[in-house]
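# could you look at this predicted model? Sequence included:
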Amino acid sequence: MIERLIDRMRPFISEDGGEINEGLRRESSYRYAFDAVREAILNALVHRDWTRSIEVEVVNYADRLEVTSPGALQNSMTIEKMLAGQRSPRNPIIVEIMRDYGYVDARGMGVRRKIVPLTRAYAGKDAGFELTDDYLRVEIPSRQAG
């Protein structure tokens, strides 16, 4: 399922280069830090509030990609705690299954070790986080954002 989603997103989050490589192909480049996008999507699926019938939403804008996960953060978790590396998995069984299939390492440090530093290094801007009682949204700026 994750591979299919990424494959379907690829034309919207990448672009062909202007030059042709030695293999006579155009090299694609991503508008976003690919591993940061992958982590944001995995987090949205794994840690979402499954009691809500709303879907995880991934929206591509000209200057950013937004990944919205249904439900507020669990327990006393805040964006500040999440950025500091505090862990609080909402769905530990799903985390274990995703770890068994090799999608996650179950350390719970993806925001701090992947999304934040990779986005900053790739786009030159910080990832944004918005939390309400209804959702957590991660905003990943594009490399071409002015």
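The structure has been received and is ready for your questions.
# partners of the helix or strand of the chain with the lowest mean pLDDT, with directions?
The least trusted helix or strand in the chain, going by mean pLDDT, DSSP states H and E, turns out to be strand 14-20, with a mean of 77. Each strand that pairs with strand 14-20, with its direction, by DSSP bridges: strand 26-30 (antiparallel).
# quick one: average confidence on the partner strand?
Average pLDDT, strand 26-30: 81.
# report the angle between the helix or strand just after it and strand 26-30.
Per DSSP states H and E, the first helix or strand lying C-terminal to strand 26-30 is helix 34-46. Helix 34-46 runs at 50 degrees relative to strand 26-30, counting by axes from the mean of the first three to the mean of the last three C-alpha atoms, to 10 degrees.
# and the closest residue to R48 other than its chain neighbours, which of the three is it?
Distances taken as C-beta to C-beta, 6 or more residues apart in numbering place S69 nearest to R48, at 4.6 Å, with adjacent residues excluded. Placement of C-beta: from N, CA and C, glycine included. Following DSSP: H, G, I helix; E, B strand; the rest coil, we place S69 in the strand state.
# and for S69, the neighbour number?
The number of residues packed around S69, counting by other C-beta atoms under 10 Å, is 25.
# partner residues bridging it?
L136.
# residue nearest the middle of this structure, spatially speaking?
A40 (1.7 Å; C-alpha atoms, centre = their mean).
# contacting residues for Y122?
Y32, A33, A36, R143 (C-beta atoms under 8 Å, 6 or more residues apart in numbering).
# between those, which is nearest R113?
A36 (10.4 Å; C-beta to C-beta).
# re earlier: chain center to the least confident helix or strand of the chain, what's the gap?
Using C-alpha atoms, centre = their mean, to the nearest Å, the mean C-alpha position of strand 14-20 is found 24 Å from that of the whole chain.
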